[in-house]
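Student: Model the structure of this input:
(one chain, ligands or ions: 1)
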Amino acid sequence: MLVLAGTIGAGKTSLTKMLANEMDLSGYYESVDDNEILPLFYKNPQKYAFLLQIYFLNSRLDLIKQARLDAKDSIMDRSIYEDSLMFRLNADLGRATSTEADIYDSLLENMMEEIPDAKIVKNPDLLIHIRISFDTMLKRIKKRGRSFEQIDKDPELYKYYQLLNERYNSWYDNYNQSPKMQIDGDKYDFVENEADFKIVLAQIKNKYETLISC
Ligand SMILES: Nc1ncnc2c1ncn2[C@@H]1O[C@H](COP(=O)(O)OP(=O)(O)OP(=O)(O)O)[C@@H](O)[C@H]1O
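Tutor: You can find the predicted model right below:
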């Protein structure tokens, strides 16, 4: 199982679709449009931060189980581990308490702990982090146009996005739940440029094949 990671608008879902197609993998996607808590959270973060995390935790674990039970090898458009980074940021911004964030982390760890000889392994075989600059992040959020994510409607979001993007780098450095690799999402525009996609695909295939052959 391959898992994509990266900030809002990094291109995780697009790259997941392209890799699923090229590498003959089953794609698993988090549905943002059907998430009824997300717009509530953006409207009132203090009230809905904890509920949103529980919603995500539940739905992502469900997807992991489905992906692992699939007869085919799979790819997911987001990792369960990034939620902890987002929730900690929300707690630091006063939208949740540090106790809530601690309990969330402990629950996540408990849920993701592998049981020896279990049929299903929950952690990915490879995590692929798409790294983008803050500038690129803002442009992509604007281009995609999801109304609740727009900065012009809510200037506080600017700071939230900036901190989130900064924290992703140390999150990736500290991530150790599986093998990992990074893609430069500023340098390679894999959505718009076919040659860039080929480079990214080769990097990922190379890493994945090395892991499988070990
Ligand atoms: N744990 C979380 N806490 C708060 N908000 C979250 C969390 N996970 C996702 N979100 C929100 O859900 C929305 C979708 O985020 P996500 O990064 O999963 O997808 P995306 O922006 O469509 O990514 P991409 O463009 O890379 O495919 C964003 O508005 C993001 O802020």
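Student: From here on, just use CA atoms for contacts and neighbour counts.
Tutor: OK.
Student: Which other helices and strands does the longest helix belonging to the chain contact?
Tutor: The residue-count maximum for a helix in the chain (DSSP state H) belongs to helix 45-69. Here helix 45-69 touches strand 26-28, helix 37-43, strand 74-76, helix 82-92, going by 3 or more Cα pairs under 8 Å, 6 or more residues apart in numbering; DSSP states H and E.
Student: Show me which of the ones you listed has the highest average neighbour count.
Tutor: Highest mean neighbour count among the helices and strands packed on helix 45-69 (mean count of other Cα atoms under 10 Å): strand 74-76, with a mean of 26.
Student: orientation of the longest helix of the chain relative to helix 82-92 in degrees?
Tutor: Helix 45-69 and helix 82-92 are oriented at 170 degrees to each other (axes from the mean of the first three to the mean of the last three Cα atoms, to 10 degrees).
Student: Can you name the helix or strand that the residue nearest to Thr7 when sequence neighbours are not counted falls in?
Tutor: Using Cα to Cα, 6 or more residues apart in numbering and skipping the chain neighbours, the partner closest in space to Thr7 is Asn165 (6.2 Å). Take DSSP states H and E as the rule and Asn165 turns out to sit in helix 156-174.
Student: tell me which residues of that helix are tucked away?
Tutor: Leu157, Tyr158, Tyr161, Leu164, Asn165, Tyr168, Tyr172 (16 or more other Cα atoms under 10 Å).
Student: Show me how far it is from its chain's centre.
Tutor: 13 Å (Cα atoms, centre = their mean, to the nearest Å).
Student: Briefly note if that helix comes near the ligand.
Tutor: No. Using Cα under 6 Å from any ligand atom, helix 156-174 stays clear of the ligand, with a minimum separation of 8.5 Å.
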